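Chemist: Sharing a sequence plus its predicted fold:
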Amino acid sequence: MKINATLRTEVGSSAANRDRREKKVTAVINGKGLESTPVLLDGKDLDNVLKTLGKNAIFDVAVPNGESHQVIIKEIQSATLVNQILDVELQVVKKGEKLVVTVPISVVNAENVKRGIVSQTLNELEIETLPTNIPTEFTVDAGELEIGDALTVSDIKVDKDITVLSDAEQSVVSVLPPSVEEPETTEVASEPSLVGETEEV
């Protein structure tokens, strides 16, 4: 996929806010041996790339000076209150150069666990590999787990050309015992006795 970019002639918060009102995303293109290039991307074009290829998408960015770079998104800054990408850092991809990226982890078949609570404790896996080997996600199957069982990073199946950088012993998903609700206790109040009252004999 390819996105046409325009060069940013103004920088600073006021210029960035004006660009965002026009549905533009501020970005910078970085790469080894290259001068950082501030550009503007069309927000719809970037959203389309992310929806189609995922957050580790590799795509082409064409700039007005006639150059075209194959890039990957290194960092995304998004607005907290609205669903809008504010700024992205793009890293130029060079042939034969490995990249360090994080890839989402998806837990499947959790609905097959009949007892206990399935808890995912790690959402992304950090890896190093060539751009062409970056998967869109890793999956772990929780369907056979029982209470007290857990799957760790070492249980994730990865391609032989991928180096996992995350701790191999780090928990990814586990099954916790269900929370036990304390039974409600009802206190029966005894009838108050009157001061000076004596029992009849």
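Modeler: Sure thing, it's come through. Because the structure is a prediction, the values reported are computed rather than measured.

Chemist: Quick check: buried residues in the helix or strand bottoming out on mean pLDDT in the chain?
Modeler: Across the helices and strands of the chain, mean confidence by mean pLDDT, DSSP states H and E is lowest for helix 13-21: a mean of 78. For helix 13-21, burial by neighbour count (16 or more other C-beta atoms under 10 Å) applies to 16, 19-20. The C-beta positions use only the backbone N, C-alpha and C, and glycine is treated the same way.

Chemist: For those residues, give me JSON lines that also has distance to L41.
Modeler: Converted to JSON lines, those look like this (distance: C-beta to C-beta, whole Å):
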{"residue": "A16", "distance to L41": "13"}
{"residue": "D19", "distance to L41": "10"}
{"residue": "R20", "distance to L41": "11"}
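
Chemist: and the gap between I76 and E137?
Modeler: From I76 across to E137, the span is 17 Å (C-beta to C-beta, to the nearest Å).

Chemist: buried residues in stretch 114-132?
Modeler: So stretch 114-132, judged by 16+ other C-beta under 10 Å, has buried residues 116, 118, 120, 122, 125, 127, 129, 131.

Chemist: Mind checking which of these are in strands?
Modeler: Taking DSSP state E as the definition of strands, the buried residues of stretch 114-132 contribute 118, 120, 125, 127, 129.
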